[in-house]
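In: Sharing a sequence plus its predicted fold:
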Amino acid sequence: MKITYNWLKELVDIQASADEVASRLTLTGLEVESVEKRAIPQGIVVAEVLEVSKHPNAEKLSLCSVSIGKEEPLQIVCGAPNVKAGMRSALATIGTKLAPDFTVKKAKLRGVESFGMLCSEKELGISEDHEGIMSLSDDFVVGNELSSYLPDDYIIEIDLTPNRGDCLSMLGVAREVAAQFNAPLKPAAKHPTENSDSTENYITVSIEDAEGCPRYAGRMVKGVTIKESPLWLKNRLSALDIRPISNVVDITNYILLLFGQPMHSFDYATIAGQKIIVKRAIDGQTFTTLDDIERNLIADDLLICDEDGPTALAGVMGGAGSGITEKTADVFLECAFFNPVGVRKTSKRLDLSTDSSYRFERGVDPESGLIDAIDTAAALIQELAGGEVTKDIIDVYPKPIAKRKVTLRPSQVARVLGVPIPKEQIVQYCTTLQIICTKDNDTELEFEVPQFRHDITMEVDLIEEVGRLYGYDNIPTSDHASVGLNKHPNTREAIVDTIRKSLAGLGLRETVTNSMSSEKKLKLLHPELEPVKLLNPLNPDMACLRTTLLGSLLEVTAYNSNRKNSNNALYELGKIYLHQGENVQPKEPETLALLLEGAYLPASWNTPTQELNFFILKGILETLQSSLKLSPFTYKNIDKNDRGFFTEESAQVSGDGIIGLCGKVSPAIAKSFDIKTPVYYAQLDITELLTNGAERPLYSALPRYPAIERDFSFVMDDSTLSSAIQDEMYTISDLVSQVQPFDVYRGDKLPEGKKSIAYSIHLRAGDRTLTDKEAEKVCTAIISTVKSKFGATLRE
Amino acid sequence: MNDEGHYTTTQSLDQLEQEIAGAIQAIKNDDSAEAFRIKYLGKKGLFRSLLKSVKDLSLEERKTYGGKLNALRNSTEERFGAKPWEESMEGGEEECFDPTLPAWPIPKGSIHPLTKTRNEIVDILVGMGFELAYGPDVETDYYNFEALNFPKHHPARDMQDTFFVSADVLLRTHTSPVQVRVMENQKPPIRSIMPGTVYRNEEISARSNCQFGQIEGLYIDENVSLADLKGTLLSFSRQFFGEDTDIKIRPSFFPFTEPSLEVDVRCFICKGSGCSVCKQSGWLEVLGAGMVHPNVLASSGIDNEKYTGFAFGMGIDRIALLRYGINDIRLFYENDTRFLRQF
């Protein structure tokens, strides 16, 4: 929201500069975004066009002789269609800086010299009018600087919080400034001169929904002349980003800016039956608003109607056809208080936010502010458009809104703010905000809150007001805190920290990516999962919550590959979102994803390229498991039908509190993300691990006696898993302390469908040195068991 | 294959001595050393077999030949044991060693700057006695808004553009719903921090992303006041931004706190004299805070006449931007490895 400094000074008696006002406003909670100077540049002078003739070489240009009060008139070339002899306008003389990068210079236009530039209102920032050069009345003295009529001003932009609807106006900000500077407010309202003809003779107003419209006030102004607004009014509206249109409309907008009270002006002649009826719409009813859009209404929407039907969407926007036109003679002014929730519902549903709905949603002043607004509007119309104001306001206000009474205990002020503030001081602060103390027994104060402060409803709201005026900077800063000793251990952070450090140490880079993804990509990766969809996504690429981290990491990989960042090793710790049904929160498993792309080690001057393979990924997982002190992970083949985006070179991995899949990503999937290099990926659900933590391992005694080592090579079916044989070996005897495969062979020397695996087996007893005889016994058992269980024979 | 037949006389041992001296000199590496050991000093080596034959000699010969053989064996063991070839391996005809060649390409990993920033913040606050709490990303309207004193149809809801999953389910717009969950499950005193990802339905630009990290703090006890909040935030700011940091607080509005405040921290780059980062103001807006609204305490079942509390929150991304002097928030989410490797 913007205000102007000059206007502010008309409303409150202060000497402070614009910058001082701005910094004070920020400190009071009205955060100032910017302060910008707004000035008519020096060198723009009031000029009179003496003669106009055709430019010799250009159809559309005129050659003008222009006086700026000096002896010799200036020769000016002008392209405006409205230039004519005798008019007054604004001339930018040579040397005028119209914009930072535009200084007016003597110029030759189609062979004729021009000694300045006649300006449009748009060029001077007074209005949007660029149809022709601006026209000034005879009150403007030829030769005077235009800035002497439109003094320099400052536009202060405030980022207003939604609780302060009362400050959505010049007057509202002036009230805050008055309280902050302890300066008096000047009267803002004007009152029209009424004739003796009663308004009631012209119109009747009835409210059928008093909840939606607690108050509706109206006034008649008869016999107006619709024309352009005077310069000061146009300038003021333009300064605050409202486009000047014509006097009556401009005045209602001026009232909006001044009092924060939205008004609507009707062409009286269009009001069928001279009746205004405020009532709810009927479901399915349609109404075409001023912007020519047909709106579908529901029974929640409030309408302003005449005998024939709706003329305005209450508090949001008028209809086409009831507004002011050049031909309007009699004006009916509407000034109402509409229910904030009702206006908001309609505005939100129709996605139609206007200056009017914005203010009604935040609450306008239903009391004196409303009456001041309609009176001032009528008085200004009288002044600028002529006409007669009929006697009395039509004021339908069935249940007047009383001032809210709020009790405040001074002891609570000290408790919340941490500093005792004397009762008298509290009362004084409130008084400057027009919050009046009506009862004072020693421990409790009762205040009456003016109706424009919709945000003050309870004790703590008053405490905030007291704090604001006391100044937060004056509240002491405590230098100690009491800390509760009832703590819970946090295993989660420690585990997550270990994971990150371990993976970073292994050469993986952590990524942070967006949780949102496109439905198409998610369906490509997980066709079997229905993703959680957003009702109002930013764009189709971010319409769903991810069901896997693979898409995110492939996108990061592609992004990097495109920038020649090759051999990517990435990980992310994040959530995936698993749909659990309509209107239900999804499951959010804590997920760790690892992705390796390209080569694990690039070729170097003394190292060949180390290509990626499953066992590098497995090695990373194993190191991670070891860093976390978890028991070894188990790997299982994945059924062909359950592999999803993985190739055959993949496995299900599980361990303490961890379950997931790992392996090589299908090249087709990688390619659909524009990646042509090998990609290995692991995704682990670590929710349980993070929730329950890992067991702290106990120390196990170091072996005191040497191990006997034996190597065996077994020939077995290719489908036999190494881990199955290993696991079996451990069960044969307690003496088997380690089984490590060290060679795998498939090839000519073996029959088709067979492989051999060589194992190095350590046999060790905890309490003695094993004898060869004992070792032989175990070895024999191993050989026979492996043969009987797996059909594997010792390779000769 | 042993040559014991050649060295059966005392004289021939001189020849053997020469032969051994040459053989030791010829040792270039551990392999040839092992071959030497096996040939001469091993279990089936030359000395063993020569010494075996000594018992068959006459007493005289045993003395002279045997004595010399023993001495030769001892000196051989000594000379061999001194590993003269190692010296030549290290110091011999060496190539010029160039330590400036590239290192072995061990892959280098990194931790994301947003994580680093989050952890620094968390560590400081944990040190100040706050405990961590977590909550879901996908929240209900009740926890995200209703219980936090955002009535339905109140313009305050416009402060946080929301992604909806359904009428009542949404992506949390702040970490504050975790406050409510904590208050429902714990009795005061409560001293918690709640880090997490939050979402806002806003166009992505250099200054804002539709997803970002937030950390929220909550302290509820008897007689917690705004002065305690100021003290806590000043202490945090000095630990995080530097010991000479100052803070400035001013009124603001959040539905779930009353009074509500914005906290500005003196620009740690220019120390308050004005620079491009703080837009010449000397201050950086980094925290929102306030006293927990009595309605919020009540709706979580906490006696608001007995207890007061404060809450504060900050955006991790924004703080990371400031901390590392980054000017585009999108860099965090693009994950260009040339960017990541800098942290």
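Out: The structure has been received and is ready for your questions. Residues are numbered from 1 along each chain as shown, chains lettered A, B, ... in the order given.
In: Might you report the residue contacts of the most centrally placed residue in chain A?
Out: The C-alpha lying nearest the average C-alpha coordinate of chain A belongs to A:Leu538 (CA atoms, centre = their mean; 11.4 Å). Going by CB atoms under 8 Å, 6 or more residues apart in numbering or on different chains, A:Leu538 touches A:Met516, B:Asn201, B:Glu203, B:Ile204, B:Cys210. Where C-beta positions appear, they are placed from N, C-alpha and C, glycine not excepted.
In: Mind checking which of those are buried?
Out: A:Met516, B:Asn201, B:Ile204, B:Cys210 (16 or more other CB atoms under 10 Å in any protein chain shown).
In: quick one, phi psi at the third one?
Out: Taking degrees, to the nearest 10, you get phi -80, psi 130 for the backbone angles of B:Ile204.
In: Isn't it up against B:Arg330?
Out: Yes. Counting by CB atoms under 8 Å, B:Ile204 does reach B:Arg330; the two are 6.7 Å apart.
In: residue boundaries of the helices in chain B?
Out: B:12-26, B:30-36, B:46-54, B:59-61, B:67-81, B:84-91, B:113-127, B:141-144, B:176-185, B:226-241, B:294-299, B:316-324, B:330-334, B:337-340 (DSSP state H).
In: Not counting its own residues, what contacts the third one?
Out: What that stands for is helix B:46-54. So helix B:46-54 is in contact with B:2-4, B:7-8, B:16, B:39-42, B:62, B:65-66, B:69-70, B:72-73, B:76, going by CB under 8 Å, 6+ apart.
In: Which residue comes closest to A:Ala775 once chain neighbours are left out?
Out: Nearest residue to A:Ala775, sequence neighbours excluded (CB to CB, 6 or more residues apart in numbering or on different chains): A:Ile708, at 4.6 Å.
In: next one: A:Ala39
Out: A:Asp152 (4.1 Å).
In: Counting neighbours, what do you get for that neighbour?
Out: By other CB atoms under 10 Å in any protein chain shown, 12 other residues sit near A:Asp152.
In: ok, it - contacts?
Out: A:Lys37, A:Arg38, A:Ala39, A:Ile40.
In: give me phi/psi at the second one?
Out: The phi and psi torsions at A:Arg38 (degrees, to the nearest 10) take the values phi -130, psi 120.
In: In space, what's closest to it - neighbours in sequence excluded?
Out: Spatial nearest neighbour of A:Arg38, excluding adjacent residues (CB to CB, 6+ apart): A:Asp153 at 4.8 Å.
In: Repeat that for A:Val177.
Out: Nearest non-adjacent residue to A:Val177 (CB to CB, 6+ apart): A:Val12, at 5.1 Å.
In: show me what contacts the one you found?
Out: A:Ala174, A:Val177, A:Ala178, A:Phe181, A:Ala183, A:Pro184, A:Leu185, A:Lys186.
In: of all these, which comes closest to A:Tyr470?
Out: A:Phe181 (15.4 Å; CB to CB).
In: can you pull the contacts of the closest residue in space to that closest one that isn't next to it in sequence?
Out: Closest residue in space to A:Phe181, ignoring its immediate chain neighbours: A:Ile14 at 5.2 Å, by CB to CB, 6+ apart. By CB under 8 Å, 6+ apart, the contact set of A:Ile14 is A:Leu8, A:Val21, A:Val177, A:Phe181, A:Ala183.
In: Can you give me the distance of A:Ile14 to chain B?
Out: Between A:Ile14 and chain B the distance is 20 Å, computed by CB to the nearest CB, to the nearest Å.
In: And A:Phe332, by the same measure?
Out: 30 Å.
In: Just the mean pLDDT for the host helix or strand of A:Ser654, thanks.
Out: Per DSSP states H and E, A:Ser654 falls inside strand A:646-655. When pLDDT is averaged over strand A:646-655, the result is 96.
In: Show me the strands paired with that strand, marking each as parallel or antiparallel.
Out: strand A:634-636 (antiparallel), strand A:658-665 (antiparallel) (DSSP bridges).
In: Go through the ones you listed and name the closest to B:Glu86.
Out: strand A:634-636 (45.1 Å).
In: what's around A:Lys234, how many residues?
Out: Counted with other CB under 10 Å, A:Lys234 comes out at 24.
In: try A:Gln434
Out: For A:Gln434, the count of nearby residues is 15 (other CB under 10 Å).
In: Got phi/psi on the closest residue to it other than its chain neighbours?
Out: Excluding the flanking residues, the one nearest A:Gln434 by CB to CB, 6+ apart is A:Pro450, at 5.0 Å. Phi and psi for A:Pro450, reported as degrees, to the nearest 10, are phi -60, psi 150.
In: ok now do A:Pro450, which residues does it touch?
Out: Contacts of A:Pro450 by CB under 8 Å, 6+ apart are A:Asp365, A:Glu367, A:Lys403, A:Gln434, A:Ile435.
In: ok, now A:Leu8?
Out: Counting by CB under 8 Å, 6+ apart, A:Leu8 has contacts A:Ile14, A:Val21, A:Ile156, A:Met170, A:Val173, A:Ala174, A:Val177.
In: let's go with 7 Å and repeat that
Out: A:Leu8 makes contact with A:Val21, A:Met170, A:Val173, A:Ala174, A:Val177, according to CB atoms under 7 Å, 6 or more residues apart in numbering or on different chains.
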